[in-house]
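Engineer: Have a look at this prediction, sequence included:
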Amino acid sequence: MITLFATIPNIPHINNLNTIYLKSAYKIVSACLNIIAKCQYKLDSPYAKKTTLQFWALENPKGLLKRFLGKPCYEFNPYDFGDNYKKATCLWGWFNFPKKNPIDCNMPKFDRMKSKDIHPEYYGKYTRLERRSMTPQGFAQAFYEENR
């Protein structure tokens, strides 16, 4: 979702820059939460105990977002769902947890991988940044199966 919460540039002589990055990133988080809230306003009846929204989730690599939203309700790595790489990722929301089925991962941490090794099937078609932001296929399928 907001990679700026995962890695903030460390520029000691420009302390204000980190604040600017965080404020900018949080505006996006806030807009997402507002959309979720608006989707929850519809009730089946005046006495409803739940909204019509079946599930929702905010996803972000492990980082600073937990300082703004609290402890994530679910954490995973792509290898937990059969994708052979490491990228600790957090989810906040209301959803059924996908069942993990981890594999032995022989790849380095995601941010230490060579560019050509990040989703190699898309190398040359998308930038490194675009490929880094892709949701792991195994997780996406498991999440779908658990929440459809």
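Structural biologist: Received, thanks.
Engineer: what about the residue nearest the centre of the chain, which SS state?
Structural biologist: For the chain, E59 is the residue whose C-alpha lies nearest the centre (C-alpha atoms, centre = their mean; 2.2 Å). Assigned with DSSP: H, G, I helix; E, B strand; the rest coil, E59 falls in the strand class.
Engineer: What residues are recorded as beta-bridge partners of it?
Structural biologist: L91 (DSSP bridges).
Engineer: Contacts only, for it.
Structural biologist: Going by C-beta atoms under 8 Å, 6 or more residues apart in numbering, E59 touches 1, 89-91, 135. All C-beta atoms are positioned from the backbone trio N, CA, C, and that covers glycine.
Engineer: Okay, strands next: where are they in the chain?
Structural biologist: Here the chain has its strands, by DSSP state E, at 56-61, 74-76, 89-94.
Engineer: what pairs with the second one, and is each one parallel or antiparallel?
Structural biologist: The strands that strand 74-76 pairs with in its sheet are strand 89-94 (antiparallel) (by DSSP bridges).
Engineer: ok, residues contacting the partner strand?
Structural biologist: Residues contacting strand 89-94 (C-beta under 8 Å, 6+ apart): 53, 55-62, 65-66, 69-70, 72-78, 139.
Engineer: what's the distance between that strand and the middle of its chain?
Structural biologist: 7 Å (C-alpha atoms, centre = their mean, to the nearest Å).
Engineer: How about stretch 100-115?
Structural biologist: Distance, stretch centre to chain centre, for stretch 100-115: 17 Å (C-alpha atoms, centre = their mean).
Engineer: tell me the mean pLDDT for it?
Structural biologist: Averaging pLDDT along stretch 100-115 yields 86.
Engineer: In it, which residues are buried?
Structural biologist: Neighbour-count burial for stretch 100-115 flags 107, 110, 113 (criterion: 16 or more other C-beta atoms under 10 Å).
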